[in-house]
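Asks: Show me how the following folds:
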Amino acid sequence: LSYVADRFVANNAMPRSRLQDYRDGGFFETTVGGLKVLSINTIIYSVRHSPAKPAFEDPFGQFAWLRERLEAAVQNQERVWIVGHIPPGIETYGYTPLWQK
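Replies: As a prediction, this is how the structure comes out:
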């Protein structure tokens with residue numbers, strides 16, 4: 001993730017202040033035209049991910065981070081989009097689950 005994080009910062013797609021979060025867990029925030037975008041790492045919930053289940057309830061501390069960022073957004077009256085690598089739901093070609101339970 002370090003190489004990708006460095007490229008994001010170099011191309012102004014992610015603030016340098018979020019570099020360590022992305023390097024450690026693949027999640028970060030940025031603001032685009034007044035809209036705050038919170039990107040979380042959902043790859044670890046894929047049915048194709050190994051190991052089969054995340055080792056911790058809050059891998060990388062990303063849910064604590066997400067809660068903190070959402071609470072700050074409410075206080076600042078900011079609009080937020082939450083995005084992830086793999087959306088929850090059913091895969092549209094084979095109709096198989098994308099996420100583990």
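
Asks: going forward, measure contacts between C-alpha atoms and count neighbours the same way
Replies: Noted.

Asks: Spatially central residue in the protein, please.
Replies: Centroid-nearest residue in the chain: Ile40, 1.0 Å away (criterion: Cα atoms, centre = their mean).

Asks: quick one: buried residues of the helix or strand where Asp24 lies?
Replies: Element membership for Asp24 (DSSP states H and E) is helix 19-25. Residues 19, 21-23 are the ones in helix 19-25 that count as buried (16 or more other Cα atoms under 10 Å).

Asks: Now render those residues as a markdown table, adding pLDDT and distance to Pro59.
Replies: Shown next, in a markdown table, are the buried residues of helix 19-25 (pLDDT from 0 to 100; distance: Cα to Cα, whole Å):
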| residue | pLDDT | distance to Pro59 |
| --- | --- | --- |
| Leu19 | 75 | 17 |
| Asp21 | 72 | 12 |
| Tyr22 | 74 | 13 |
| Arg23 | 74 | 13 |
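
Asks: Using JSON lines, lay out those together with distance to Leu66.
Replies: Listed next are the buried residues of helix 19-25 as JSON lines, based on distance: Cα to Cα, whole Å:
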{"residue": "Leu19", "distance to Leu66": "16"}
{"residue": "Asp21", "distance to Leu66": "11"}
{"residue": "Tyr22", "distance to Leu66": "13"}
{"residue": "Arg23", "distance to Leu66": "16"}
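
Asks: From those residues, pick the one nearest Gly33.
Replies: Nearest to Gly33 among the buried residues of helix 19-25 is Leu19, at 20.5 Å by Cα to Cα.

Asks: and the gap between the closest one and Ala10?
Replies: Using Cα to Cα, to the nearest Å, we find Leu19 at a distance of 11 Å from Ala10.
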